[in-house]
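K.L.:
Requesting a structural model of the entry that follows:
(chains A and B)
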There are 2 protein chains.
Amino acid sequence: MNKKLAVLALGGNALLRSNQRGTIEEQEQASEDTMRNLIYLLREGYELIITHGNGPQVGNIMMQNDAGQIMYDLPAMPLDVCVADSQGSIAYIIERQLRNVLRDAGIQKDVMSIITEVMVDINDPAFKNPTKAIGKIYPKVEADKLAAEKGWIFKKSPKVDDGWRRVVASPTPLDIFNKEVIGSIARGGTIVIAAGGGGIPVYIDEKNHVRPAEAVIDKDLASALLASQIGADEFYILTDVPYVFIDFKQPTERKVEFLNKKDTDQYLADGKFGEGDMAPKIKACLSFIEKGGRKSVITEATKLEDKKYGTKITMEYED
Amino acid sequence: MNKKLAVLALGGNALLRSNQRGTIEEQEQASEDTMRNLIYLLREGYELIITHGNGPQVGNIMMQNDAGQIMYDLPAMPLDVCVADSQGSIAYIIERQLRNVLRDAGIQKDVMSIITEVMVDINDPAFKNPTKAIGKIYPKVEADKLAAEKGWIFKKSPKVDDGWRRVVASPTPLDIFNKEVIGSIARGGTIVIAAGGGGIPVYIDEKNHVRPAEAVIDKDLASALLASQIGADEFYILTDVPYVFIDFKQPTERKVEFLNKKDTDQYLADGKFGEGDMAPKIKACLSFIEKGGRKSVITEATKLEDKKYGTKITMEYED
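P.N.:
Below you'll find the model as predicted:
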C-alpha cells in the first residue's frame, strides 16, 4: 500500500466544546470523540500527524499562574513556558485517548507527542501591531502597572467595563523545529502529535541564541508550514463547520465543496470568507497547496468519514 | 567513530538550586549551567538521552491549580495532567538552553523533547502503601473533606502543626512508551529529552484501555529502565554529590570511586548508602547493569569533565 501522509490541525470543538470550562472529563471526552473520527483515515492507509490549538487551556494555565502568585507567592511563568505546559498536557490527553481508540479498533500503531518550538522573525511587522488578547482581564490601574513593569501592551476588552487585556503579536511561522524527525517518525508508522498551540515561538538573537518571542502563532499557519516542510500529501483543518461558506450567516450564504487557487484568491480579495475566523484557515490551506501540497480540506471532525462533506481546496479543480 | 549511547538522569541542583523558588530565570540559568557540562560527553562521541526530575516544578503547578480553582473557579487538573504540564515546560527549558550551549560550542545537533507515559502495574504493592507526599499542605478539616470526596490518602506533615499532605504510590516502572523510537532518534544523532519526572504513570485496565495511575514514578528507576530497554551503553545519575559515600555524614564516611555488583549488594543490605536518598539511585544503577548495561555513574553534573570524579558501578571491577 502506498501510504499517504496527512497533517490534521484540530481546532474548535475538537478538544473542548465552546460552552465548557475545561474539566479533565470534558477534555478527555471531546478528544476521544475526535480521535474516533480519525480511524477512517487510518483504515484508508494514511499516516497521520496531529496538531492542535491551545486557546482555552493556555488561558487557564496563565490564570492559574496569576492565582498561584497572588495566593502562594509562586513565581509566575512567562508565556512561552505556559505554552510549553499546554503542549505537554493537551498532547498527553490526545495521545492517551487515541491509544484507547486504536486499541478498541484493533489497530496496532504507536503515538508520540513532541514539544515543538517554531521560528519567527523578531522583525516581523506583527510585533509592531500586537492583536492577540491573552490571559486575565485587568482593571486599568493594574494594567498600567504591568505595562510599566514588564513592557506588556494592553487593549480595552469589549466585554468588561474597565477591563484591559494583554495583547501579543501573531507573527508568521518560518520554520518548525525538528521537522525532519517529525516527518520521519510519522512515515515510519507512529502517529505524531506536534506543534501544539501553533508552537512555542522563538527567534534567533544577535548572539545566535534561540530566544522566546512573547507572541502566539496561528496554529493553522504553523500546521500548514509543518505539512509543507515535510512534504505531506494532504492537510486537514478540523473545525466547527462541515463546509466553508461564502457570505457565512448572510442571506447570500452558500456552501462551497471545491475551491481552486484562482477562485479562492478572488473570494479572499472580496472578503467573502469572514475575516476573523475562516479567512486565516483558507490562507493556511492555500499556503500548503501553493508549496506543492496536493489537497487541503476544511471540515468538522465528525464529517471525516463521509467524503461528501468538507471543502476541498486544490490548485486546479479536479475533473 | 563508534558512537556510544548514554542516558543521563538530571536531578538535584541540575535544574533548580535547592534554595530557589523556581523563577524562570533560575530555571534557565541552572539548566544552562548543567547543559554546558554535557559538551564533554558530546565531544567524546556520545549520543545522549536526557531525563529529568520535576519535583519543585510539578509541586508549583499543583499549587497553581489549587489557587486557580479557589480564585477563579478554574477546573483543577489531576496529577497525571500536572505531570504532563511539567514535562512540557521543563523539557522546553532544557531544550532551548541546550540548543544555545550547542550553538556556542559549534556543535551541529538537534534536540527533541518527548512527552512520555510509563506503564505500571495497578496491582503493584506500592499502591497499598502510598509514600510520596505531593501538593499543598492542608489543615485536617480540609484533608478529611478531600479524602471523602476524591479518595485521596493523607499523612501528617512533620513540618507543620495540623498540616496534612496527600500521599501517592511510587510503583515500579515496567515499560517506557515509545522506547524504540526514542532510541532510534537518539542513535540517529538527535539529543532526546524524555521520561520527565519519571514519566506519566499509566496502567492497562480491564477494558484494555490505558488509564492514568494516581502515582509518581521514581525518575532514576524510570531512566534506568529506559536505558536498559534501548540498550544504552552507559547510565548517568547527575545529583548533588561528586561521589557516592559509604556512611554519608557519619564519622566513618568514605567516598567510593568504583563499585561492583557484589559489593554494592552487600552495602545495600547493610544500609550503608542512606535509605531515603542514595540507596534508590544505587538500585537504579544496579538494575541497569544487571540487564546488560556496561557502566553506571553517579556524580555531579559539574564533575562530568573530570574523569577522576564520580562513582562508577559495573558488574565486575575493571582492571
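K.L.:
ok, and the closest non-adjacent residue to the residue in the stretch 151-300 of chain A that chain B sits nearest to?
P.N.:
Distances between the stretch 151-300 of chain A and chain B by Cβ to the nearest Cβ are smallest at A:H209, namely 4.5 Å. In short, each C-beta sits where N, CA and C put it, glycine included. Closest residue to A:H209 apart from its sequence neighbours, by Cβ to Cβ, 6 or more residues apart in numbering or on different chains: B:N100 at 4.5 Å.
K.L.:
Of all the residues in the helix or strand harbouring that neighbour, which ones are buried?
P.N.:
Using DSSP states H and E, B:N100 maps to helix B:79-105. Residues of helix B:79-105 classed as buried: B:79-102 (neighbour count, 16 or more other Cβ atoms under 10 Å in any protein chain shown).
K.L.:
Show the residue spans covered by the helices in the stretch 51-200 of chain A.
P.N.:
Counting by DSSP state H, counting those that start in this stretch, the stretch 51-200 of chain A has these helices, from start to end: A:55-72, A:79-105, A:140-150, A:179-187.
K.L.:
picking up where we left off before, tell me if I'm right that the residue of the stretch 151-300 of chain A closest to chain B and B:L102 touch.
P.N.:
No: using Cβ atoms under 8 Å, A:H209 makes no contact with B:L102, being 10.6 Å away.
K.L.:
which SS state does the nearest residue to A:F273 once chain neighbours are set aside fall under?
P.N.:
Setting aside the residues directly before and after it, A:F273 is nearest to A:A279 in space (Cβ to Cβ, 6+ apart), at 4.4 Å. Under DSSP: H, G, I helix; E, B strand; the rest coil, the three-state class of A:A279 is helix.
K.L.:
my guess is A:A279 meets A:D270, correct?
P.N.:
No: using Cβ under 8 Å, A:A279 makes no contact with A:D270, being 10.9 Å away.
K.L.:
what does the stretch 151-300 of chain A have sitting close to chain B?
P.N.:
When proximity is defined as Cβ under 8 Å from any Cβ of the partner chain, the stretch 151-300 of chain A approaches chain B at A:F177, A:N178, A:V181, A:I185, A:G188, A:T190, A:I200, A:V202, A:N208, A:H209, A:V210, A:P212.
K.L.:
Most neighbours among those residues, which one is it?
P.N.:
In terms of neighbour count, A:I200 stands highest of those at 30 neighbours, by other Cβ atoms under 10 Å in any protein chain shown.
K.L.:
The worst-scoring helix or strand of chain A on mean pLDDT to helix B:55-72, inter-axis angle?
P.N.:
Across the helices and strands of chain A, mean pLDDT, DSSP states H and E gives its lowest value to strand A:132-138, namely a mean of 91. Here strand A:132-138 points in a direction 70 degrees away from that of helix B:55-72 (axes from the mean of the first three to the mean of the last three Cα atoms, to 10 degrees).
K.L.:
Can you list the strands that strand A:132-138 pairs with?
P.N.:
strand A:164-168 (antiparallel) (DSSP bridges).
K.L.:
How about the residue nearest the centre of chain A: what's its closest non-neighbour residue?
P.N.:
Nearest residue to the geometric centre of chain A (Cα atoms, centre = their mean): A:K219, 2.7 Å. Of all residues beyond its chain neighbours, the one nearest A:K219 is A:G198 (4.0 Å), with distances taken as Cβ to Cβ, 6+ apart.
K.L.:
Quick one: neighbours of that neighbour, just the number.
P.N.:
A:G198 has 26 nearby residues by other Cβ under 10 Å.
K.L.:
Could you do A:R165 as well?
P.N.:
21.
K.L.:
I'd say it and A:I134 touch.
P.N.:
Yes: A:R165 is within contact range of A:I134, at 7.2 Å (criterion: Cβ under 8 Å).
K.L.:
Against B:I191, how distant is A:K255?
P.N.:
48 Å (Cβ to Cβ, to the nearest Å).
K.L.:
Settle it for me: which of those two has more neighbours?
P.N.:
Taking neighbours as other Cβ under 10 Å, A:K255 and B:I191 compare with B:I191 leading, 26 against 13.
K.L.:
Next up, the contacts around the residue of chain A found nearest chain B.
P.N.:
Residue of chain A nearest chain B, by Cβ to the nearest Cβ: A:G88 (2.2 Å). Contact analysis of A:G88 by Cβ atoms under 8 Å, 6 or more residues apart in numbering or on different chains lists A:S113, A:I115, B:A84, B:D85, B:S86, B:Q87, B:G88, B:S89, B:A91, B:I115.
K.L.:
Leaving out the residues flanking it, which one is nearest to it?
P.N.:
B:G88 (2.2 Å).
K.L.:
how far away is that neighbour from A:P78?
P.N.:
Counting by Cβ to Cβ - B:G88 and A:P78 are separated by 14 Å.
K.L.:
Over to A:D233?
P.N.:
Taking Cβ to Cβ, one finds A:D233 at 37 Å from A:P78.
K.L.:
now chain A, which segments are flagged as low pLDDT?
P.N.:
A:1-2, A:319 (pLDDT under 70).
K.L.:
domain parsing for it?
P.N.:
Listed by automatic domain parsing, the domain ranges of chain A are A:4-122+A:174-312, A:132-168.
K.L.:
now, of these, which is deepest in the fold?
P.N.:
Ranked by mean neighbour count, the domains of chain A are led by domain A:4-122+A:174-312 with a mean of 20 (mean count of other Cβ atoms under 10 Å in any protein chain shown).
K.L.:
Report the separation between the two terminal residues of it.
P.N.:
17 Å (Cα to Cα, to the nearest Å).
K.L.:
now swap in stretch A:123-137 and tell me
P.N.:
End-to-end distance for stretch A:123-137, by Cα to Cα: 28 Å.
K.L.:
Need the residues that contact it.
P.N.:
With Cβ under 8 Å, 6+ apart as the criterion, stretch A:123-137 contacts A:58-59, A:62-63, A:66, A:79, A:153, A:155, A:157, A:159-160, A:163-172, A:213, A:215-216.
K.L.:
swap in stretch A:264-275?
P.N.:
Against stretch A:264-275 from outside (Cβ under 8 Å, 6+ apart): A:V244, A:I246, A:D247, A:F248, A:L259, A:A279, A:I282, A:K283, A:L286, A:I313.
K.L.:
what's the nearest residue to the first one if we skip its chain neighbours?
P.N.:
Setting aside the residues directly before and after it, A:V244 is nearest to A:T311 in space (Cβ to Cβ, 6+ apart), at 3.9 Å.
K.L.:
give me phi/psi at that neighbour?
P.N.:
Main-chain dihedrals, A:T311, degrees, to the nearest 10: phi -100, psi 120.
K.L.:
what does A:F288 give?
P.N.:
The phi/psi pair for A:F288 (degrees, to the nearest 10) is phi -70, psi -50.
K.L.:
which residues sit in contact with it?
P.N.:
A:F288 neighbours (Cβ under 8 Å, 6+ apart): A:A224, A:A227, A:S228, A:A232, A:F235, A:S296.
K.L.:
what do you get if the cut-off is 7 Å, keeping everything else the same?
P.N.:
A:A224, A:A227, A:S228, A:F235, A:S296 (Cβ atoms under 7 Å, 6 or more residues apart in numbering or on different chains).
K.L.:
Select, from those, the two members most distant in space.
P.N.:
A:S228 and A:S296 (10.8 Å; Cβ to Cβ).
K.L.:
Assumed A:L5 was part of a helix.
P.N.:
No: assigned with three-state DSSP, A:L5 falls outside any helix and is strand.
K.L.:
Check whether it really touches A:R187, as I assumed.
P.N.:
Yes: contact status for A:L5 versus A:R187: in contact at 6.2 Å, counting by Cβ atoms under 7 Å.
K.L.:
what is in contact with the two at once?
P.N.:
By Cβ under 7 Å, 6+ apart, the residues touching both A:L5 and A:R187 are A:E47.
K.L.:
With that, I have no additional questions.
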